[in-house]
Structures are given as structure tokens and as C-alpha cells.
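*Asks:* Fold the following.
(chains A and B)
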2 protein chains.
Amino acid sequence: MEHALPITRRANFAEWYQAVVKMADLAETSPVRGCMVIKPWGWGIWERIQQDLDRRFKETGHENCYFPLFIPMSFLAKEAEHVEGFAKEMAVVTHHRLKTIDGKLQPDPEALLEEPLIVRPTSETIIGDAFSRWIQSYRDLPMLVNQWANVVRWEMRPRLFLRTTEFLWQEGHTAHVDHDDAMRETRQMLEVYRSFAEDVLAMPVVAGEKSENERFPGADNTYSIEAMMQDGKALQAGTSHYLGTHFAKAQNIRYQTAAGDLAFCHTTSWGVSTRLIGGVIMTHGDDDGLRLPPAIAPHQIVIVPMLRDKPEDADVLAYADSIAKELGAFRVFIDRKATKAVEKRWNWVRRGAPVIVEIGGRDAAAAKVTFLRRDQVYDGAKAKMQSIDRAAFVGGAAALLADIQRTLHSEAKARMTASIRTDIHEFGALAEYFGSAEEADGAEPKGWVRTGWSKPTGAALEAVTERLKGFALTIRNAPLDQRPSGKCIFTGAPATEEILIARSY
Amino acid sequence: MEHALPITRRANFAEWYQAVVKMADLAETSPVRGCMVIKPWGWGIWERIQQDLDRRFKETGHENCYFPLFIPMSFLAKEAEHVEGFAKEMAVVTHHRLKTIDGKLQPDPEALLEEPLIVRPTSETIIGDAFSRWIQSYRDLPMLVNQWANVVRWEMRPRLFLRTTEFLWQEGHTAHVDHDDAMRETRQMLEVYRSFAEDVLAMPVVAGEKSENERFPGADNTYSIEAMMQDGKALQAGTSHYLGTHFAKAQNIRYQTAAGDLAFCHTTSWGVSTRLIGGVIMTHGDDDGLRLPPAIAPHQIVIVPMLRDKPEDADVLAYADSIAKELGAFRVFIDRKATKAVEKRWNWVRRGAPVIVEIGGRDAAAAKVTFLRRDQVYDGAKAKMQSIDRAAFVGGAAALLADIQRTLHSEAKARMTASIRTDIHEFGALAEYFGSAEEADGAEPKGWVRTGWSKPTGAALEAVTERLKGFALTIRNAPLDQRPSGKCIFTGAPATEEILIARSY
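*Replies:* Model prediction:
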């Protein structure tokens, strides 16, 4: 069967991914290495992600702020003191002026900054600095702040949406009176991410706690949601950290208790980024391009009038307009381009519009609507066009979109569930299933393994991590719903916790 | 009369401005010189500005994109070739790693970039580069793109919101087949800004064209909206540029015409920034703090329950909740803080909440609502509290907010109109009215002068500009509604155009 993309997922998943990003017109590389240009269709998805998450953040009592793009190097020097061999890939601003000298444009040596500035890789330090000024008393707590911002981490091997030098994200930062309140927040935001991923992105995830060596530096506990891509790899799609009092101590975030004592705050942070769009692509995309859950599709219903450059076009357009008007509750777009309807149809298939309506003269005359569901493109080798009465289409649009949303989720959920093996309890079997790291690229898609371990720490955990590395594997998280039984896959000791082992992005 | 701020507008307008920013909790300076932290109340205003403008941009056919934060230095080198003594205050990224060397954190010399990157001061060049790839044919035109982003221009004398090193803005960039279509766009976006300023910010402005020497570099025509601050100075609050084919030629933005020829696009750009918040403060603020137009107030109605730490508090809170619920169509906030009601009231007065409701036990018992309009704080020296039936308050809330919006606009409009002198037609009279540049600071507020000129160009215009500079004056714009008559204020020749002359931010 012919497909709308020049490459299939099976032939080369990485190239297929690039083809979707390009042919769905989501984003492109820019003249600045590692930075992307997000095009209108990609940006429209991000806008919907932002709007929905922002509402959830506000409903849980958070307020948005905006902190500076730049961070003084001295803010990071403290961190560097504690980190052996500290070296961080970050954009460093050293000058504040360009000047033409001897005919050549260059940083003006007379405009050298006394202290270099870092383009924020995250805003922990600068927000902590603000918290230390804003928080005086227990009455100021909890302090619940979120920021939508661009951040920069120099990437040597960038991939659009998944790993770019500049990316867009939100970072929540909160301060609390004690462990319990901060932990409640940490878990609450993990749940916000989980339900958002499932209900809005239609992307099934497993929420759980990261192992000790995968924690955010300085965190007491790190939680993540992990999504399964169609090549079986895991994508960490969001994290939520309980930071204890480490950051509060480093930045002097203290409050006066009701009893009048001074105490350190317990802080949290949590974030998701434009990486989510990469997750949506690799969860729902098929060999015809992107498939978008209606909840985040910039256009939910695209109407393609079949125009023939003849007087009858006016009737067709008028009919399209009147249907669009009746569908006012949805995001409807009429593609008026003067190109062939079939080209426009496949363009919207590649972009993943959930419902594509084709309107011709006969539809208009018969008060019919002919449409294609993006989650069911084919009937055999042909496009599966359905024709129903206009009134039935309009009246059923909400149910149709809801069904597409549900179908995308249940397809992905079924695939994930079927691809999590729970029958592997010995390292030999694990090694055999995944094969060596060298064989990982281009191999048949593998899923995840859910198995037991005895939760080693320190050097024992390091050894486990090294062993897994030989198979290009990592521990993704320990799922929240725990039913440990049997033996540790690494040591044979009794299992105390269940973990997910997988290859990942 | 006592006021809620420690300083009045009359005593020192610049200090008063700082006091409002601080006491209304809008923003603060950060540890990074010139960069601000925007606090939740300030950010809430910006969110509403964004939402309303974004809707207007989309209604006029624009799509949002996102372009990289960084611009390769070579993109600016071309500009530098043409600009004598080119020197631009910009943040220059020269390294991509920090490293601890000899115990000291520093930019890693081994991570020196081959080509420095500039943090975007505007995205003209990088968007032009994208347009040159995206635009092939007349069918791709008009290309109508907008971006919401942070930009950086190094500021030696920063002022919160008005002039900061990092600021937030939107920049529209469009490409068209010819002059007429591009000019239609330029004027359309000027009108979008004008109506937004008047209808949403309640900020009267004069829309007009900038004189030749005040144009954006490379623009054929630059238009602005100018608002009058309460010290009589003008604030340029938005600009819209017709760029002719200059940028298209520099960046090779061409299209194939219907006839098959290659032609250069005509481009435009237009922007507004967080500076608008400074404009709102200086248009509507009074000696008690900020006054916010309901259209952009994060909370339109704030309910202050009078809590006494007694069992009756529950009734008061329940009453407040039920009123808030009935006011669901508005942005309502209940201030549950355990501080005194009178402190909470004045806090919201300073922050400029349009309507402040105080709920006590007696109100609850009598089904009354006691409230304060922020645009009418005093009755003599006392707060002007009004008490009406609950049903009347709820039923009249929409009209009340609309009236406050209208009142703020008409107050500002009346002040502006009364402060534009149209009776000055000779330079001597102009000089006498404004006084010298040295006397400008701390002088009685002056308004603007609307007068005629003969539209000199080149050296003659330079001379006029120099003459005005001696009085700290500039030409703001030539208002769109022109009725030139009489003589040129500079030369005595017949006037061909009316202009506004003013001091400005």
C-alpha cells in the first residue's frame, strides 16, 4: 500500500520521525545550530498544550511570574564548588556590544562584562533568590509559582522537539512549611502531568519515582511520567521533584514559624517542555504522517472545498461556510487554497487534522457531508470516505471528535500494555530479550520490562546501572502502583520494589 | 489628605512611578542588571494584554510561529556594512560551556564559538531568512506571521517596564505582493493597536506617521501610537512599519508572480511590548497607586471578608463564596488572608483592583454588599464605601465594570485633549511654553503642541531636530487626521502637515 510519507516507521523510525516533523509542517532547523523554528501548525499544538496546562496550574493555586533570561555566573559557582569536574553546556554571554573594528564586526573588547551571564538552563537559582526575599513568614506559604519560558542547554546532537539547544517549557517552583506539604505538592503535580498526558495528549504514561541515581541533582525524590514510543523506547515526558531543604539552605529561603522560630522551607520544582510534541508524534503518528488528538489539534475539523475554478465554486464555498458556522463550537478551518482537493486532503492527513471534510457540488446539492477520520484513513487501499446527512454530521461532531480522542488513546494504551513484559525476572533473560547495545539501533522494536529489584543504593546501584548500560538500558521509574513479589533481577535477593527497564530517548 | 503611596505624582513623578510598581506588586529589579522580575499581578496584566491582542491578530489572519533566541553575528554583519560607526548594545554569546579551571568557574576556552551569537534584539533578520525559504509563489502571499518572545537590548539606564535590558513583546512580520497590500497591512495593524489601546487599556492615543528621521532603520514609513502620560510626556506605545522591498532585497525574499516573473516581496513589521504596562501605570495611576481598566485587571472584583477569628467568620466566608459564585462571569478573587480587612482593602487599592467588596457580618445578615470603586476612592477624606442590595450588586456588576472602564478612558481622554495646545505657531512661543532642556526635569507638567510644519527633509530636518533637542523635545508623529493650515513653526513657510511636538519617554 502507498503511504503519504516517503518512509515507514518500520523501515527507519528516526528518519520517519524527521519526515513527520517536516511533512506535517511542524518545525524546521534554523541557521542557529541546535535551535528550531516552530511553524504555525507546531506552534498551534504548543498553544493548546500551554492553555490546558496553565488552567490546571491555576486551578491548583499557582500563579505565573516571569524571571530574567540571564543568570549571573556566580549563582552557578556555588553549585560548581560541590560538583567535581563541573562542566556545563550552557550559552555564556561575555559582551554587551558589537562593534565594527578594522572593518570587521566583533564583540567590542571595551564592552566585556565584569561577570559573565548564563542564558538560563533552568531558573532554580534565580527563583530561589527571589523566594529568599519574598518569603518572611509561615503566612507567605505555600508559595506557588510557575513560569513559561525559553531555556538553553547546549546540545551536540539536537533533534527537533526532543532535544534542542533552545526549548520552551514551564517550570513550577514552590516553597512549603514542611516535608508533608511539599511532598503533597510534588505528587499533585505529577498527577496533573499524568492526567494531562492521558486525557489531553491521549498519551498513556506510567507515573513513578526515579531511582536514586536518576534524581535531579539536589532532589530528595524525583518522579516522572514515562511514555512508550512506537519503537518501544521510553520518553520521559515530565518530572516533579521534592527538593527537601537543600535549595532552601543554599539560598537561605527561611520563614518565621507560628511559634516565632526560623525554619527552612521545603521546596519543589516540576516541568514539561516542547518535548511533549515529540511524544505526541511518536505515540500517534503513522506512515501517513501525524495524527493529532482533537484536544490539541489547532484545527479539529478541516473543510476542503473541491474547487474547479467555475461559477459553481460559489455554491460549494457557501455550503462550506454554512457548515463551518454551524460547527462554531469547534476549531474549524476551511482550506480555500486553489489547489486540487485531493492534494489538500493528503496535506491535512499528513498534518494530522482529526476530521477532514470534502465538499463538492453533489454534497452541497444533496445536503450531505463527505468526511475522513484521520484515525481510520484506509478502507483497503483506498481512502475511507464516509458520506452522511449534513444535520447528522453537525449534530454528531462532538461525539465524533470524542471518539477519535478515545480511539487514539486506547490504541496507544493497548500497544503499551502489550509491550510491557512482566515475565522476565533474571538478568540473562533481560539481556537476551533486548540484545546488546550495539544491536539496539535498527533492531525490532522492543517494549519495556517490568520486574522486581531489591533497590540497591550507592556503589551497588552504580554497578547495576553499568550492567544495564551494556544493553543501552536504563531504569525508567518505579511505578506508583507497586506489587513487588519474587526476586531481584540483579541479585536474586527478595524483590522490594517493581521497576520499569527500557531503552529511552 | 493622606494617600496610600508615600509620594505623590506632583512631588516627583519618576519616584511616584517606582512606588506604584513596587507597592502594586507588579515587578522588581533582579540580580541581573537591567532585567526585571515580573510578579504575579504584573504578569496577570500582561497575560490579558497578550490574550486580547492575540485574538485580534488571529482575527486579521495572522499565525503565530517561534524563531530562535539566537542570531548568528554574520546576519548583522551585513547591516553593519551599511551603518557608519555601527555599534549595538546587545548580549553577545561567545562560549557554550562553563568549566572549573584552577578552582575557578569560567567560560571554557575550549568551548569558544566559531561565530558569536547575538541574543535577538528583534527577529527581522532570522524571520527574513525563513521567509526567503518559505515563499516561492504569489500563492504563498500574503505571509502573515507573529511571534511572542523575549528580546534583549542592553540598557544603561533601565526603568521597570519602560526600558529594560530584557523585555517581552510581540513582533509581527508579513510579506506581500505589492506596496498597496503591504501598506494596507501596516495601517491595519496600526489601527489594531489604536483600538486595543483605547478600548482595552482605556489609554487614549494619537495614531500617526513618524517623521523621516524617526523611522525604523530601513523602513519606508513608520507609524506609531503615542499616549500622553500624566506628566505630559509622550510614550510611544506601538509601532507599525512598511519596509518596502529593502529587507526583501537584503534577504532575497522573492516570489514568482502569476505571470511567471520573479519579484521582491513588500514586507512589514509591527510590535508592542511590556512597555504598555508602564503606559497603563502612568495613564491611570493616582496617588493611591495603580488603577486598572477592568478589561486587563487580573481580578476585576476583589472580595475582602472581614474576619475576626471568631465562629461568625464561617458565615461571612460562606456569604462571600456565594456572591463570588453568582459573579462567575467575571474574574473574582476572595482575599482570605488572616490580616485586617482595612489593610487588605488598601492593598487592593494600591494594586488597582477595579471593585473592592468588603463583607462583614452585618452585610451577610442583611443581604447587602458594601463596595468601593477604585476610580472613586474618596468621599472627602474618607473611603467612599457604597452599600446596596446583594441582588442589585450582582445584577449590576457588568454595568459597573463597564462604567469604570469608560470613566478611566474618558478621564484620560479629557486630560489629553486639554493638554494638547493648538495655538502655538511660532518657535519662540514653543520655546517659551516648554522652557529649556535643563529646566525640563521637575518642571510643571507640560502637554503636547500640535502645530504645522512644511515637512523638511535631509539636512533641513536635521537642523529642526537639533533645535528641538535644545528644549528636550521631539516630533512624535503626524496624526492621521490632518488639517494643516497656517505657517510652518520652523520656517514660516506654508504648513503642509500637522505634527505633535512633545517631551517623551
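*Asks:* So which residues on the stretch 301-450 of chain A come close to chain B?
*Replies:* A:Lys337, A:Ala338 (Cβ under 8 Å from any Cβ of the partner chain). Using the backbone N, CA and C atoms, a C-beta is placed for each residue, glycine as well.
*Asks:* One more pass at 10 Å, please.
*Replies:* A:Lys337, A:Ala338, A:Thr339 (Cβ under 10 Å from any Cβ of the partner chain).
*Asks:* give me every residue that touches A:Thr267.
*Replies:* Residues in contact with A:Thr267 (Cβ atoms under 10 Å, 6 or more residues apart in numbering or on different chains) are A:124, A:127-128, A:131, A:142-143, A:173-176, A:182, A:185-186, A:218-219, A:241-248, A:251, A:253.
*Asks:* From A:Glu89, how far out is it?
*Replies:* 25 Å (Cβ to Cβ, to the nearest Å).
*Asks:* do A:Thr245 as well
*Replies:* Taking Cβ to Cβ, one finds A:Thr245 at 29 Å from A:Glu89.
*Asks:* With A:Leu190 instead?
*Replies:* 27 Å.
*Asks:* higher neighbour count, these two?
*Replies:* A:Leu190 (23 against 16; other Cβ atoms under 10 Å in any protein chain shown).
*Asks:* and the helix or strand encompassing the more buried one, which residues are buried?
*Replies:* In this structure, A:Leu190 is located in helix A:179-199 according to DSSP states H and E. Across helix A:179-199, burial judged by 16 or more other Cβ atoms under 10 Å in any protein chain shown covers A:181-183, A:185-194, A:196-198.
*Asks:* pLDDT score for A:Ala443?
*Replies:* We have a pLDDT of 67 for A:Ala443.
*Asks:* Next: A:Lys39.
*Replies:* For A:Lys39, the pLDDT comes out at 98.
*Asks:* average model confidence for the lengthiest helix in chain A?
*Replies:* Identified as the longest helix of chain A according to DSSP state H is helix A:390-418. Average pLDDT, helix A:390-418: 98.
*Asks:* residues near the residue in the stretch 401-505 of chain A positioned nearest to chain B, how many?
*Replies:* Nearest to chain B in the stretch 401-505 of chain A, going by Cβ to the nearest Cβ, is A:Leu401, at a distance of 21.0 Å. Per other Cβ under 10 Å, the neighbour tally for A:Leu401 reads 21.
*Asks:* now the one 3 residues further on
*Replies:* Residues contacting A:Ile404 under the criterion other Cβ under 10 Å number 24.
*Asks:* try A:Gly328
*Replies:* 7.
*Asks:* give the contact list for the closest residue to A:Gln482 other than its chain neighbours.
*Replies:* In space, and not counting its chain neighbours, A:Gln482 is closest to A:Glu498: 5.6 Å by Cβ to Cβ, 6 or more residues apart in numbering or on different chains. For A:Glu498, the contact set (Cβ under 10 Å, 6+ apart) comprises A:208, A:422, A:450-453, A:477-479, A:481-486.
*Asks:* Just the buried ones out of those residues, please.
*Replies:* Buried among those (16+ other Cβ under 10 Å): A:Gly208, A:Arg450, A:Thr451, A:Gly452, A:Trp453, A:Asn477, A:Ala478, A:Pro479, A:Pro484.
*Asks:* Alpha carbons only: can I get the helix or strand hosting A:Ala248 in CSV?
*Replies:* For A:Ala248, the host element (DSSP H and E) is helix A:246-251. What follows is helix A:246-251, C-alpha atoms only, in CSV (Å, rounded to 0.1, in the frame of the first residue of the first chain):
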residue,chain,number,x,y,z
HIS,A,246,18.8,21.6,50.1
PHE,A,247,17.9,24.5,47.9
ALA,A,248,16.4,26.5,50.8
LYS,A,249,19.7,26.1,52.7
ALA,A,250,21.8,27.0,49.7
GLN,A,251,19.7,30.1,49.0
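*Asks:* any idea how far B:Val316 is from A:Gly278?
*Replies:* From A:Gly278 to B:Val316 the distance is 51 Å (Cβ to Cβ).
*Asks:* ugh, wrong one, A:Gly289
*Replies:* From A:Gly289 to B:Val316 the distance is 58 Å (Cβ to Cβ).
*Asks:* And for A:Ala258?
*Replies:* According to Cβ to Cβ, A:Ala258 and B:Val316 sit 23 Å apart.
*Asks:* okay, the two: which has more neighbours?
*Replies:* Higher neighbour count among A:Ala258 and B:Val316: B:Val316, with 22 against 9, using other Cβ under 10 Å.
*Asks:* So in terms of bridging, what pairs with the residue nearest to that one when sequence neighbours are not counted?
*Replies:* The shortest distance from B:Val316 to any residue other than its chain neighbours is 4.8 Å, reached at B:Pro305 (Cβ to Cβ, 6+ apart). Judged by DSSP bridges, the bridge partners of B:Pro305 are B:Ile359.
*Asks:* so who does B:Pro305 touch?
*Replies:* Here B:Pro305 is in contact with B:313, B:315-321, B:334-337, B:341, B:344, B:357-361, B:363-364 (Cβ under 10 Å, 6+ apart).
*Asks:* Just the buried ones out of the residues you listed, please.
*Replies:* Using 16+ other Cβ under 10 Å as the burial test, the contacts of B:Pro305 include B:313, B:316-317, B:319-320, B:334-335, B:341, B:344, B:357-361, B:363-364 as buried.
*Asks:* wait, does the helix or strand where A:Gly279 lies contact chain B?
*Replies:* Using DSSP H and E, A:Gly279 maps to helix A:275-284. No: contact of helix A:275-284 with chain B (Cβ under 10 Å from any Cβ) is absent, the minimum separation being 11.6 Å.
*Asks:* That helix packs against which elements?
*Replies:* The elements that helix A:275-284 packs onto, with contact taken as 3 or more Cβ pairs under 10 Å, 6 or more residues apart in numbering or on different chains; DSSP states H and E, are helix A:13-23, helix A:40-59, strand A:166-176, helix A:179-199, strand A:221-228, strand A:234-242, helix A:390-418.
*Asks:* Out of those, which gets nearest to A:Ala459?
*Replies:* A:Ala459 sits nearest to strand A:221-228 of all those, at 20.3 Å, using Cβ to Cβ.
*Asks:* all strands of the stretch 251-400 of chain A, in order?
*Replies:* Secondary structure of the stretch 251-400 of chain A (DSSP state E, counting those that start in this stretch): strands at A:254-256, A:262-264, A:266-273, A:301-305, A:332-334, A:355-359, A:368-373, A:378-379, A:382-383, A:386-389.
*Asks:* If I take the fourth one and strand A:355-359, what angle do their directions form?
*Replies:* The one in question is strand A:301-305. Orientation check (axes from the mean of the first three to the mean of the last three Cα atoms, to 10 degrees): strand A:301-305 against strand A:355-359 gives 20 degrees.
*Asks:* Could you tell me the angle between the direction of strand A:301-305 and that of strand A:368-373?
*Replies:* Using the same axes, to 10 degrees: strand A:301-305 against strand A:368-373 is 130 degrees.
*Asks:* Would you mind writing the CA trace of strand A:301-305 as CSV?
*Replies:* Output of strand A:301-305 as CSV, limited to C-alpha atoms (Å, rounded to 0.1, in the frame of the first residue of the first chain):
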residue,chain,number,x,y,z
ILE,A,301,-12.2,19.8,11.5
VAL,A,302,-10.8,20.9,8.2
ILE,A,303,-13.2,21.5,5.4
VAL,A,304,-11.7,21.1,1.9
PRO,A,305,-14.0,22.6,-0.8
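*Asks:* So for that strand, mean pLDDT?
*Replies:* On average, strand A:301-305 scores 97.
*Asks:* So what's the gap between it and the chain middle?
*Replies:* 28 Å (Cα atoms, centre = their mean, to the nearest Å).
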